[in-house]
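Asks: let's see this in three dimensions:
(one chain, ligands or ions: 1)
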Amino acid sequence: MDQYDLIIVGGGISGLTLACRAVYGNRLSILVLEKEERLGGSLHTWRVGSDFWVELGAHTAYNSYKNLLQVLQERQGLDRLTRRAKLGYRFLNEDRLQSPIARLGWFELMTSLPFGLMRGQEGACLAEYYGALFGRRNYARLLAPAFAAVLSQPADGFPAQWLFRRKPRMKEAPRKYTWPTGLQGLAEALVEEAPFEVRTGVGVTAVRRKADGYEIDAGGRSMHCRYLAMATPPDVAAHLLLDGHPRLATRLSAIPMAEIESMAVAVAAEKVKLPQLAGLIGVNDVFYSVVSRDYLAHPRLRGFTFHFRPHRLDRDAKLTRICQVLGITADDLMAQREVCNRLPALEVSHVSLMEEVNDLIKGRRLFLTGNYFQGMSIGDCADRSTREAYRLLKTVKKHAGSHPAVPDTPTTGGVTVVDA
Ligand SMILES: Cc1cc2nc3c(=O)[nH]c(=O)nc-3n(C[C@H](O)[C@H](O)[C@H](O)COP(=O)(O)OP(=O)(O)OC[C@H]3O[C@@H](n4cnc5c(N)ncnc54)[C@H](O)[C@@H]3O)c2cc1C
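Replies: Presented below is the predicted three-dimensional model:
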């Protein structure tokens, strides 16, 4: 049976940053298992031709994602970050483009703001907190569709404290960036010459808890590890941990998942009627958002990903709506690609649920990371993974014996771990 110190289930950004953070001078043997043939999870780039790509999932990263950037720095990857052109979002309201300012009621904002500022974010959902700050009508007209576009799902109940947390920025990196081959390329760069093993196309099908770690089944064989990290969506973690950790699994299964039907298209640039923009926010539309590739201009092509509300339209109806919005005919579409994205549908009650989850795994050989602990952004995932890597290090050190060389300070390759 294959033996590892640490097995990480899931090769999305959470699993990969955890692997990078857990390396500690190459003292632990680490295996990352990813069920798909590609790495990245929601960092999913559709490579349309040799020099054009469109994001099917995440599209924007910021220099406030400091733990991600530190890991990248260790891999000499900072120089490869590609600055995004500054472009704005527009609302699409009954097929008319509107600027965000045009949807803002200034009188309501001025009268709400002084009272709203007294309301803290803790315990409040987005609708409560920003409704008090901007006014209910402003919230409904401007912020509700904007937040739904950001989170790719109805977002009113999302915990306000998990959306915009003030974080230090890494000044050496562009404020907003992508990667030359799209964000999936950034995920792939994390494993280039990495001192850990990665296997793609190998899904984990069972996890058994043992006195000295875990035994898992994956790709038709069993493996043993002293420590196990789950970096999958919460419902997958719940399913796999049901036998070994039933109480924990019950908590994790209380997080519902939202589906997003995403369809990306590539079109000859001269055919598209829309001006250059970062994207569109749907107002009572069949999609939450349309994300454009205009932030990295291409001489001949433009790309757009429509993030549709689930179970509304079939494929042909989606293509019809796409053509209407872009002002093109079906014959103008050069290529298209459909995927189903999944994200946790987080609510205020999940903040305390995650505290319970953290209590349940404290002192165990089990580590959990993902986009459901403190926010959903790529940066939030890297922060959570850093915390878990730190906890892993402390646990390994406690079990001492065979790993006495683990350092006291939370450092990886000489870089101090940012407090997540
Ligand atoms: C449409 C969309 C747009 C977004 N836009 C942005 C953005 O612009 N900026 C931003 O910061 N964030 C954005 N996000 C959020 C962010 O991309 C995600 O929250 C984050 O990438 C999640 O990473 P993760 O590794 O936790 O999970 P995932 O990316 O879901 O990765 C989990 C991995 O586990 C694998 N897996 C599942 N089951 C198994 C199994 N049994 N065995 C082995 N592997 C398994 C999956 O295949 C997957 O690769 C967006 C998300 C979506 C969906």
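
Asks: what is whichever helix or strand C323 is part of packed up against?
Replies: Taking DSSP states H and E as the criterion, the element that holds C323 is helix 315-326. Counting contacts by 3 or more CB pairs under 8 Å, 6 or more residues apart in numbering; DSSP states H and E, helix 315-326 packs against strand 257-268, strand 301-308, strand 333-344. Where C-beta positions appear, they are placed from N, C-alpha and C, glycine not excepted.

Asks: how about the last one: buried residues?
Replies: Using 16 or more other CB atoms under 10 Å as the burial criterion, the residues of strand 333-344 that qualify are 333-334, 336-337, 341-344.

Asks: quick one: work out the angle between the helix holding C323 and strand 301-308.
Replies: Here helix 315-326 runs at 120 degrees with respect to strand 301-308, directions being taken by axes from the mean of the first three to the mean of the last three CA atoms, to 10 degrees.

Asks: and helix 315-326, what's its mean pLDDT?
Replies: This predicted structure assigns helix 315-326 an average pLDDT of 97.

Asks: thinking again about what came up before, which one of the helices and strands packed on helix 315-326 lies nearest to the ligand?
Replies: Within these, the stretch nearest the ligand is strand 333-344; the backing value is 3.7 Å (CB to the nearest ligand atom).

Asks: can you give me the helices for the stretch 151-300 of the chain?
Replies: When assigned using DSSP state H, counting those that start in this stretch, the helices of the stretch 151-300 of the chain occupy the ranges 183-189, 234-241, 246-252.

Asks: could I get these as TSV with distance to L274?
Replies: Rendered in TSV, the data for the helices of the stretch 151-300 of the chain read as follows (distance: least, CB to CB, whole Å):
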stretch	distance to L274
helix 183-189	23
helix 234-241	36
helix 246-252	41
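
Asks: mind putting these into CSV with mean neighbour count, distance to A211 and mean pLDDT?
Replies: Rendered in CSV, the data for those read as follows (neighbours: other CB atoms under 10 Å; distance: least, CB to CB, whole Å; pLDDT from 0 to 100):
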stretch, mean neighbour count, distance to A211, mean pLDDT
helix 183-189, 23, 35, 96
helix 234-241, 22, 17, 98
helix 246-252, 17, 18, 96
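
Asks: now those helices as CSV including distance to the ligand?
Replies: As requested, those are arranged in CSV below (distance: least, CB to the nearest ligand atom, whole Å):
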stretch, distance to the ligand
helix 183-189, 8
helix 234-241, 4
helix 246-252, 13
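
Asks: what comes into contact with the helix holding C323?
Replies: Surrounding helix 315-326, the residues in contact under the criterion CB atoms under 8 Å, 6 or more residues apart in numbering are 92, 95, 261, 263, 265, 267, 271-274, 280, 286-287, 290, 304, 306, 308, 313, 329-330, 332-333, 336, 338.

Asks: and it, how far out from the chain middle?
Replies: What separates the centre of helix 315-326 from the centre of its chain is 27 Å, taken as CA atoms, centre = their mean, to the nearest Å.

Asks: compute the inter-axis angle for it and strand 333-344.
Replies: Computed by the same axes, to 10 degrees, the angle separating helix 315-326 from strand 333-344 equals 110 degrees.

Asks: angle of helix 315-326 against strand 257-268?
Replies: 60 degrees.

Asks: quick check: buried residues in helix 315-326?
Replies: Neighbour-count burial for helix 315-326, counted by 16+ other CB under 10 Å, picks out 318-319, 321-323, 325-326.

Asks: for those, which one is nearest the ligand?
Replies: Among the buried residues of helix 315-326, K318 lies closest to the ligand (CB to the nearest ligand atom), at 15.0 Å.

Asks: can you tell me how far that closest one sits from Q336?
Replies: To Q336, K318 is 9 Å away according to CB to CB, to the nearest Å.

Asks: do the same with D314
Replies: Look at D314 and Q336: by CB to CB, they are 14 Å apart.

Asks: where does the stretch 101-250 of the chain have low pLDDT?
Replies: Within the stretch 101-250 of the chain, no stretch falls below the threshold (pLDDT under 70).

Asks: which residues of it lie near the ligand?
Replies: 152, 203-204, 231-233, 236 (CB under 6 Å from any ligand atom).

Asks: tell me which of those is nearest to A58?
Replies: Of all these, the one sitting nearest A58 is S152; the distance, using CB to CB, is 9.9 Å.

Asks: right, I'll call it a day here.
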